[in-house]
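> The following block contains a protein sequence and its predicted model.
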Amino acid sequence: MNAVFDRPGDCCGCTACRHVCPVQAITMKVDDEGFQYPDIDQGLCIDCRACKEVCAFQRPRPSAPPSPQPSVFAVQHGDEAVRAASTSGGMFTALSDLVLGRGGVVFGAAFDQHLNVVHLEAATPAERDRLRGSKYVQSDLSDSFPRIAALLKSGREVLFSGTPCQTAGLAAFLEGQDRAGLLLCDIVCHGTPSPLIWREHLTNLERSHRSRAVAYQCRAKDRGWHGHLEKVTFEDGRSDCRSRASQSYKDLFYAHLMLRPACHECRYTSFQRTSDLTIADFWGIERTLADFDDNRGTSLVLVNTPKGQAAFEAVQGQLRTRVSTTKDCLQPQLQHPSRPAPLRARFWQDYHARGYRFVLDHYAGLSPMRRLRRAAGLGLQSLGLLKLVKKLLGRG
Ligand SMILES: Cc1cc2nc3c(=O)[nH]c(=O)nc-3n(C[C@H](O)[C@H](O)[C@H](O)COP(=O)(O)OP(=O)(O)OC[C@H]3O[C@@H](n4cnc5c(N)ncnc54)[C@H](O)[C@@H]3O)c2cc1C
Ligand code: SF4
Ligand code: SF4
Ligand code: SF4
């Protein structure tokens, strides 16, 4: 044996193989796009294949008939302060309060002191608050999986929240172990961007503001939930959600230039979920439940299993809820993986050869000349003249 996976698209970086290896032959190594992949020390490997067998991402897709469709709800937390601090309607806080209130432990993605995104463990509401909010960066799971296994063995209840590939990886890692105390909650997932480009983005903002970034909201609600506003706060007390540079990270995110390669082959873009509950933004609610949408955030909640149903019923008293349907909550990430940008390979070549400023100017449209050209193009388009001008310039 010489590898756990053949191509980057086969590995979502869940760490299950690393932790299952009986001789600790696997370490997670960062590649030149900033993503972690398992790497085997051939001198230690005893070729037992446990790492291959545990890999949920490479298992054949089930050919069995689909499991029952989930129950679908639109959800708003009853406490407006919770909703304001959450990305959508605050469902994660309700679920985590439930588990914390029963003496359990909650795992989720947080910013560390350098604004790296890491999975952390919380045993109190104050610790849990760090897990709130979407971070559009692949999180470092570190030793979460064996820690969860130990907590479950000791009889503690655990809520694990993460991307669907992380919850599927954890479920595979725990196969054969008593999972009665584990509640799995995944998100509807667009894809996770590169930690390397995230670091470049922060460094670029810190340079231009001459101050260290100490807090970041990937989706600040200052102008409502329907928009997508990034907000960075610096050590000197200033914050920025206005400059073009402060809003550029989401351009690269939505352009699909820096998502993990596996995200373009994601197995978890349907109503067949591996978690007890799925939480997401209820996009499109302004069309299907317009009177419920106040632009302060509504969670889409899919209840996938009886255990998920019991947890949902236990928190329902804290929530405003509306029943919905799989048809009315459909969004692209419940139908197919995010498609890779045609320029993805070129983006990374340019980044390595010419640096972050160059790709920012050329792929997030930040250079003044590009902005001018784009504005001129839009102006001509609205006058119906763009095709004519392109023809005259020989580009039509
Ligand atoms: C990378 C990413 C892509 C997403 N894509 C979509 C999408 O396409 N469509 C959609 O409807 N919703 C998407 N979401 C989910 C959505 O943004 C909200 O996280 C979700 O609606 C929960 O909001 P909340 O108000 O209940 O909880 P919040 O308090 O906002 O809780 C956020 C939860 O997400 C988890 N989380 C945050 N960042 C990460 C991360 N980097 N990796 C793993 N888990 C994380 C936390 O552990 C926490 O449990 C995405 C989230 C992330 C992190
Ligand atoms: S997806 Fe997880 S288990 Fe599979 S190779 Fe990657 S890190 Fe290992
Ligand atoms: S084959 Fe077995 S020993 Fe070798 S890396 Fe995989 S799990 Fe470890
Ligand atoms: S898109 Fe799929 S592979 Fe990528 S992080 Fe999300 S769940 Fe994992």
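That came in fine, so what should we check first? This is a predicted model, so every value here is computed, not measured. Numbers count the residues shown, from 1 in each chain. Ligands and ions are numbered 1, 2, ... in the order given.
> Just the strands from the stretch 101-250 of the chain, written as ranges.
Counting by DSSP state E, counting those that start in this stretch, the segments of the stretch 101-250 of the chain that form strands are 105-111, 117-122, 158-162, 182-187, 213-220, 229-234, 239-240.
> What ranges does the stretch 151-300 of the chain have for its helices?
164-173, 195-209, 248-254, 285-288 (DSSP state H, counting those that start in this stretch).
> for the stretch 1-150 of the chain, same thing?
Using DSSP H, counting those that start in this stretch, helices in the stretch 1-150 of the chain cover 16-20, 50-54, 80-85, 91-101, 125-129, 144-153.
> got the ones you listed as CSV, with mean pLDDT, distance to A168 and mean neighbour count columns?
Glycine gets a C-beta too; all of them are placed from N, C-alpha and C. As requested, these are arranged in CSV below (pLDDT from 0 to 100; distance: least, Cβ to Cβ, whole Å; neighbours: other Cβ atoms under 10 Å):
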stretch, mean pLDDT, distance to A168, mean neighbour count
helix 16-20, 98, 9, 24
helix 50-54, 97, 11, 17
helix 80-85, 98, 28, 16
helix 91-101, 98, 18, 23
helix 125-129, 98, 23, 15
helix 144-153, 98, 12, 18
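> Using JSON lines, lay out those together with distance to ligand 2.
Shown next, in JSON lines, are the helices of the stretch 1-150 of the chain (distance: least, Cβ to the nearest ligand atom, whole Å):
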{"stretch": "helix 16-20", "distance to ligand 2": "3"}
{"stretch": "helix 50-54", "distance to ligand 2": "6"}
{"stretch": "helix 80-85", "distance to ligand 2": "31"}
{"stretch": "helix 91-101", "distance to ligand 2": "24"}
{"stretch": "helix 125-129", "distance to ligand 2": "26"}
{"stretch": "helix 144-153", "distance to ligand 2": "10"}
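> so which of those helices comes closest to G365?
helix 80-85 (30.9 Å; Cβ to Cβ).
> which parts of the stretch 201-350 of the chain sit against ligand 4?
Within the stretch 201-350 of the chain, the residues that sit near ligand 4 (Cβ under 6 Å from any ligand atom) are R260, A262, C263, C266, Y268.
> Let's see which of those residues end up in strands.
Within these, no residue falls in strands by DSSP state E.
> Tabulate those (CSV), appending neighbour count.
Below are those laid out as CSV (neighbours: other Cβ atoms under 10 Å):
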residue, neighbour count
R260, 26
A262, 25
C263, 23
C266, 23
Y268, 26
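> out of everything not next to it in sequence, what's closest to whichever residue of the chain sits closest to ligand 1?
Per Cβ to the nearest ligand atom, G108 is where the chain lies closest to ligand 1, at 2.6 Å. Excluding the flanking residues, the one nearest G108 by Cβ to Cβ, 6 or more residues apart in numbering is L131, at 3.3 Å.
> quick one, what contacts the one you found?
The contact partners of L131, by Cβ atoms under 8 Å, 6 or more residues apart in numbering, come to F92, S96, V106, F107, G108, A109, A110, L120, A122, S161.
> so can I have TSV of these showing distance to Q69?
Formatted as TSV, the contacts of L131 follow (distance: Cβ to Cβ, whole Å):
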residue	distance to Q69
F92	23
S96	26
V106	28
F107	27
G108	26
A109	28
A110	32
L120	33
A122	32
S161	22
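> Let me know the closest of those to ligand 4.
Among the contacts of L131, A109 lies closest to ligand 4 (Cβ to the nearest ligand atom), at 11.2 Å.
> What's the local residue count around the closest one?
A109 is flanked by 25 other residues according to other Cβ atoms under 10 Å.
> Retrieve the pLDDT associated with the closest residue to ligand 2 within the stretch 101-250 of the chain.
Here the stretch 101-250 of the chain gets closest to ligand 2 at one residue, G169, 5.1 Å apart by Cβ to the nearest ligand atom. In this prediction, G169 carries a pLDDT score of 98.
> For the closest residue to C218 other than its chain neighbours, give me its contacts.
Counting by Cβ to Cβ, 6+ apart, the nearest residue to C218 once its immediate chain neighbours are dropped is Y136, at 4.7 Å. Counting by Cβ under 8 Å, 6+ apart, Y136 touches T192, P193, W198, C218, Y249, K250, F253.
> picking that back up, with mean pLDDT added, can I get the strands of the stretch 101-250 of the chain in JSON lines?
Below are these laid out as JSON lines (pLDDT from 0 to 100):
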{"stretch": "strand 105-111", "mean pLDDT": "98"}
{"stretch": "strand 117-122", "mean pLDDT": "98"}
{"stretch": "strand 158-162", "mean pLDDT": "98"}
{"stretch": "strand 182-187", "mean pLDDT": "98"}
{"stretch": "strand 213-220", "mean pLDDT": "97"}
{"stretch": "strand 229-234", "mean pLDDT": "97"}
{"stretch": "strand 239-240", "mean pLDDT": "96"}
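> now those strands in TSV, with distance to P337?
Formatted as TSV, the strands of the stretch 101-250 of the chain follow (distance: least, Cβ to Cβ, whole Å):
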stretch	distance to P337
strand 105-111	20
strand 117-122	21
strand 158-162	17
strand 182-187	15
strand 213-220	21
strand 229-234	24
strand 239-240	32
